[in-house]
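J.: Starting from these lines, generate the structure:
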Amino acid sequence: MSEAWKHLDLQGGGLQAANLKLARLLKRRRRAYCLLLAAPLGLHRAYLEERRGAWAYRGLSLAAIAAFAAGLPYVGWAAVSLLAGFAAYDIVWIEGRIAQLNKATRLRIYMAQTRGAPPGFRGRYPEDSAGDPREDPGTLSAPGSRVRSFAEQEALLRELARRRQSATKEK
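T.: Below you'll find the predicted structure:
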């Protein structure tokens, strides 16, 4: 499917505007996994809005560098091993985190689209409407009910035609 719709903005406040905003805000798996390649910097955690984890990666990386610089290779390799273990865990963690963030984003965007019913709104049909519209064969479907089948609509049309004919004969 073409991506051209993402560049077309009709300045509406409806579903199109929500979809455009959503397309910009959703987190992408490819981007998160590419950032995981730079795991010592914690960029993938920062992208997925996990600030503490991002700083933990950075702190552990600095600890490994400091250990190697201080001549403590075992401590340095232990820190590198921890980084590798956390990165391996994040391969699985990324999927769940992206699903969680994207679900929250969709919910926030779609629920913010309408401001609700206008003040004083009491439903689609006014209170002073004539009785039950299902009793009148002049309406092909009753408000709030299912759409009538073709057979039911044809029966209603035949009834209307019969009434019209009897009304013209009486005149």
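J.: who touches the residue nearest the centre of the chain in this structure?
T.: Residue closest to the average C-alpha location in the chain (CA atoms, centre = their mean): R106, at 2.8 Å. Taking CB atoms under 8 Å, 6 or more residues apart in numbering as the contact definition, R106 lies against 22, 26. Quick note: C-beta positions are derived from backbone N, CA and C, even for glycine.
J.: for the helix or strand bottoming out on mean pLDDT in the chain, packing partners?
T.: The least trusted helix or strand in the chain, going by mean pLDDT, DSSP states H and E, turns out to be helix 15-25, with a mean of 82. With contacts defined as 3 or more CB pairs under 8 Å, 6 or more residues apart in numbering; DSSP states H and E, the packing partners of helix 15-25 are helix 73-111.
J.: If you compare the directions of the helix it packs on and helix 15-25, what angle comes out?
T.: Relative orientation of helix 73-111 and helix 15-25, computed by axes from the mean of the first three to the mean of the last three CA atoms, to 10 degrees: 180 degrees.
J.: If you count neighbours, what's buried in helix 73-111?
T.: Applying a neighbour-count criterion of 16 or more other CB atoms under 10 Å, the buried positions in helix 73-111 are 76, 79-80, 83, 86-87, 90, 93-94, 97-98, 101-102, 105, 109.
J.: How is this protein divided into domains?
T.: With domains defined by automatic domain parsing, the chain comprises 12-111, 135-170.
J.: Let me have those domains in CSV, adding distance to G120 as columns.
T.: As requested, those are exported to CSV (distance: least, CB to CB, whole Å):
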stretch, distance to G120
domain 12-111, 22
domain 135-170, 20
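J.: which of the ones you listed sits most buried?
T.: The densest packing among the domains of the chain, expressed as mean neighbour count by mean count of other CB atoms under 10 Å, is seen in domain 12-111 with a mean of 15.
J.: Quickly note the distance from the closest residue in space to L22 that isn't next to it in sequence to E95.
T.: Nearest non-adjacent residue to L22, counting by CB to CB, 6 or more residues apart in numbering: I109, 5.2 Å away. Between I109 and E95 the distance, using CB to CB, to the nearest Å, works out to 21 Å.
J.: sorry, back to before: contacting residues for the residue nearest to L22?
T.: Counting by CB under 8 Å, 6+ apart, I109 touches 18, 21-22, 25.
J.: Low-confidence stretches in this structure?
T.: Judged against pLDDT under 70, the low-scoring parts of the chain cover residues 1-2, 4-14, 113-118, 121-145, 171.
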